[in-house]
Each structure stands twice: as structure tokens, then as C-alpha cells.
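Q: prediction below, plus the sequence it came from.
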Amino acid sequence: MTAVMHVLPYLVAAWVFLAGCYGLATSRNLIHAVGCLSVCQAATYVLLLGVGYRKDATAPVFSDIRPGSRPVVDPVVQALTLTDVVVGATVTALLLALVVQIAKRHGTVDPDELSELRG
């Protein structure tokens, strides 16, 4: 049972990533594609939190405990997750702004109807 619990966050991250990739590959709407890309990005949050998890660990704040007396979670992984959230929100906002400009210029958000963008 414990082996499954160690692998579970990685399986969840892989499932969320694959669900986002499937949605991205089958999307017929640019807004839906941006949402699916955000789902793919959310898989990295689960992966980073799975990497940084330690059983019976506390937050890395040493104001009330002696260093080394209790296990703590890795603060670097928490900082990377927070940075990942900020970068993901920024990328999503930028892509949605581009979709709005495409909709204004071409009158559609269907990628198949955007013949001017073909190479």
C-alpha cells in the first residue's frame, strides 16, 4: 500500500498532463486550447508538490523549533511551485490576449478557419 502512495502524485500528474494534451490536440477553439494548455501546466504543480512532499514534515519555519529536531519540507520546491503558478498565469493571460486579437482581426477563434496563418 505504501508503494502506491509514493507513486500516486506522479500518476496524477501524468494523468492531468495527458488529459490536457488530449484536449489540446482535439481542440477546435483557441480559447479551449489555451484552457487545455493551462491544465497541462497544472500537472507541473502536482508534480512539484509530489516531489517536495515528506511524511510528517512541517513548514520550513524555524522560529518555534530547533533546526534538525523535526523533518521539514523543502522550501525550494515550494518556491518553484509558486513561481510556476505565476508563470502559468502570465502565459495564460498572454495567450488569451493573443486569442482576443485574433478574434478581432479574423472574426473567428476556430483554428481551421484561419487560412491566413497557414505557412
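A: Cool, got the structure.

Q: pLDDT wise, what is the residue of the chain most remote from its centre at?
A: Each residue of the chain has a distance to the centre, and by Cα atoms, centre = their mean the biggest one is for R66: 34.5 Å. pLDDT, R66: 75.

Q: that one and V72, how far apart?
A: 11 Å (Cβ to Cβ, to the nearest Å). C-beta coordinates here come from the backbone N, C-alpha and C atoms, glycine included.

Q: just for the protein, where's the confidence low?
A: Applying pLDDT under 70 to the chain flags the ranges 1-5, 116-119.

Q: of all the residues in the helix ranked longest in it, which ones are buried?
A: Counting residues, the longest helix found in the chain (DSSP state H) is helix 75-106. By 16 or more other Cβ atoms under 10 Å, the buried positions in helix 75-106 come out as 77, 80-81, 84, 88, 95, 99, 102.

Q: quick check: which helices or strands does it pack against?
A: Applying 3 or more Cβ pairs under 8 Å, 6 or more residues apart in numbering; DSSP states H and E, we find helix 75-106 packed against helix 30-52.

Q: what about the closest residue to A43 other than its chain neighbours, neighbour count?
A: Using Cβ to Cβ, 6 or more residues apart in numbering and skipping residues adjacent in sequence, the residue nearest A43 is F17, 3.6 Å away. For F17, the count of nearby residues is 18 (other Cβ atoms under 10 Å).
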